[in-house]
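[1] Just the structure for this:
(one chain, ligands or ions: 1)
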Amino acid sequence: MLPHRSEFPEGFLFGAATSSYQIEGHRFGGAGRTHWDDFAATPGNVTRAENGATACDHYHRWAEDFDLMQAAGFDVYRFSTSWARVMPEGRGAVNAEGLDYYDRLVDGMLARGLKPAATLYHWELPSALADLGGWRNRDIANWFADYTEVVMRRIGDRVWSAAPINEPWCVAWLSHFLGHHAPGLRDIRATARAMHHVGLAHGRAIETMRGLGMGNLGAVCNMEYAAPADDSAAAAAAASLYDGYYNRWFLSAMFKGEYPADVLEGLGPHMPAGWQADMATIAAPVDWVGINYYTRKLIAPAPGPWPAHREVDGPLPKTEMGWEIYPEGLGFFLRRTARDYSGDLPIYITENGMAGADRLVAGRVEDAARIDYLAQHLRAVQSAAADGVPVQGYFTWSLLDNYEWALGYEKRFGLIHVDFETLQRTPKASYHALSRALSRKA
Ligand code: IFM
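    Predicted coordinates:
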C-alpha cells in the first residue's frame, strides 16, 4: 500500500512528470525537425522506427490530461518545453504558435491548482543545431541561453520552478559515448565536449533566468547506484568510476565548481581547451536539486580502453526495462547529495517509476507491480526525511504511457494507460492508488 501524504513532512509536494517530445505530438503546431526525428528514421536505432510525431497528442488533449492530474490530487506538474517547437531552427525565428501553446499549458495548470515545474530541454535538439555539431559545439551554451530567454520571457512569470536540462548524463554520455540516444555517437572526444557543454549551457540558462528575476531554479540529474559485481578491489574501483562519470561529475561541477579527479583521468585529454575557465558559470547557484532515480547496476572490470568496465546482470527482481528494483539506492542518493553537495537546499525526486507489462482488460489496468515499486521508493524517501534530509517532493514518471525513446511505444511507464491507436486514456490501478494516498479527506 502507498503511504498517505499525511505521513510525509508538512508541505511535501506530490507530482507527476512528462516531457514534450514524449507526449505532445511533434507534427502539430509548426515545430521544427529534431535530432530524434533523424535518429528514429535511421534503421536499427528505435523499436519499429517509431518517433514522436503523434505520441499522446497531448498538444490537443492537454486539458483532459490536466483534469486527470487535478482529480488525482497532485500538487505539481513537471513538463518540458520543446526547443524546436519554440524556435524551429534552434536560433533566430520564433514560432508564435509554439509559445502560445506553452502559455496555454501554464494557464491550464494554474487553473487546476497545479504548480507548473518547467524543464527547458528534455532531449529534442533542433536538427539545425545538430548540423552545427550540437552538444559538441561550445556555442550551444549561448544558443540555449537565447532560447531560455525567449521561453521564460513568456511563461517565467507563472512557472513555479524551472530547470534547464533534464538528465545531463543522458544528453552527454548515453548519447555520445554509448550511442543509445540521438545523435547516436560512440566517440570519447565528442563525449568529453558534451559532458562539459551541457554543464555550461545549464549555467548560462540559470544566469539568464536570474537576469529575468526568476527564482526557484534547479538542476535535474539522473543517478544510478553502482555496486561492485564481486568482492574484488578491481570491481570496487570499476563501480566507483561508473559512479564518478554517472553521478558525481555533474553534481561536483554544479555545487563545487570542479570535476572529479578520477573521471578527469579518462576525459581530461579530450576536453575542450580552456574548460577550467567555465567552471564558475557551471556552478551558478541554484535553489534546489532534482534526482531522477530508477535502478542500480552491477559493475565489473573489463579489458579495453578507459573506462574498462562492463555491466553484469543482477539478481534482483526487474522491471520491463530489465532494470533491477533497488529502492535503497534512492535513500543513498538522497543522503549523499545533501551531505556532499547541496547541503540544506531542498531536494526533489523529479522522476521515479517503472515500465510494466500493463494490459488493458475490460476497461482496467491492474498494475500492482507499479504500486509496489512506488510504495518501496516512497518508504525510502520517508526514511531519508526522518533522518533530516531536506527532501520536499516526489514526482512519478510518468503521468501517461509515452514515447520511450529508443524503445518506441513498447515500454509503458504511465499512471494512465494510452491506447496509441485511439489515443484513449485509461487511469491504471496505480493512478487510483495514488489518488487515495494524496486525498486530503480525513
Ligand atoms: O522516459 C525517460 C525520461 O525521458 C527520462 N528519464 C527516464 C525515463 C524512463 O526511461
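
[2] What score does the residue of the stretch 51-200 of the chain found nearest the ligand have for pLDDT?
    With distances taken as Cβ to the nearest ligand atom, the stretch 51-200 of the chain approaches the ligand most closely at E167, which sits 5.7 Å away. No exception for glycine: its C-beta is placed from N, CA and C like everyone else's. Residue-level confidence at E167 comes out at 98, pLDDT.

[3] Not counting residues beside it along the chain, what's closest to it?
    Using Cβ to Cβ, 6 or more residues apart in numbering and skipping residues adjacent in sequence, the residue nearest E167 is N222, 4.1 Å away.

[4] If you count contacts, what does the host helix or strand of the one you found end up packed against?
    Secondary-structure assignment from DSSP states H and E places N222 in strand 218-228. Using 3 or more Cβ pairs under 8 Å, 6 or more residues apart in numbering; DSSP states H and E as the contact test, the elements touching strand 218-228 are strand 161-165, helix 168-169, helix 233-243, helix 249-256, strand 288-301, helix 327-337, strand 347-351.

[5] Tabulate these in CSV, adding columns for mean neighbour count.
    Rendered in CSV, the data for those read as follows (neighbours: other Cβ atoms under 10 Å):
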stretch, mean neighbour count
strand 161-165, 26
helix 168-169, 24
helix 233-243, 19
helix 249-256, 22
strand 288-301, 23
helix 327-337, 21
strand 347-351, 26
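
[6] Redo these as a markdown table? Include distance to E124.
    Output for the helices and strands packed on strand 218-228, formatted as a markdown table (distance: least, Cβ to Cβ, whole Å):
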| stretch | distance to E124 |
| --- | --- |
| strand 161-165 | 12 |
| helix 168-169 | 16 |
| helix 233-243 | 27 |
| helix 249-256 | 20 |
| strand 288-301 | 17 |
| helix 327-337 | 27 |
| strand 347-351 | 17 |
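
[7] before we move on, back to that, what sits opposite the residue nearest to E167 in the beta ladder?
    N292 (DSSP bridges).

[8] show me the contacts for N137.
    For N137, the contact set (Cβ atoms under 8 Å, 6 or more residues apart in numbering) comprises L129, H197.

[9] how does it look with 10 Å?
    Contacts for N137 (Cβ atoms under 10 Å, 6 or more residues apart in numbering) come out as L129, A130, W143, R193, A194, H197, P272.

[10] what's the distance between it and K115?
    When distance is defined by Cβ to Cβ, to the nearest Å, N137 is 35 Å away from K115.

[11] now swap in G393 and tell me
    Distance of G393 to K115, computed by Cβ to Cβ: 10 Å.

[12] higher neighbour count, the two?
    G393 (24 against 19; other Cβ atoms under 10 Å).

[13] Not counting its neighbours along the chain, what's nearest that one?
    Leaving out its chain neighbours, the residue that sits closest to G393 by Cβ to Cβ, 6+ apart is L13, at 3.6 Å.

[14] hang on, isn't the one you found packed against W288?
    No - the pair L13 and W288 fails to qualify as a contact (Cβ atoms under 10 Å) at a distance of 11.1 Å.
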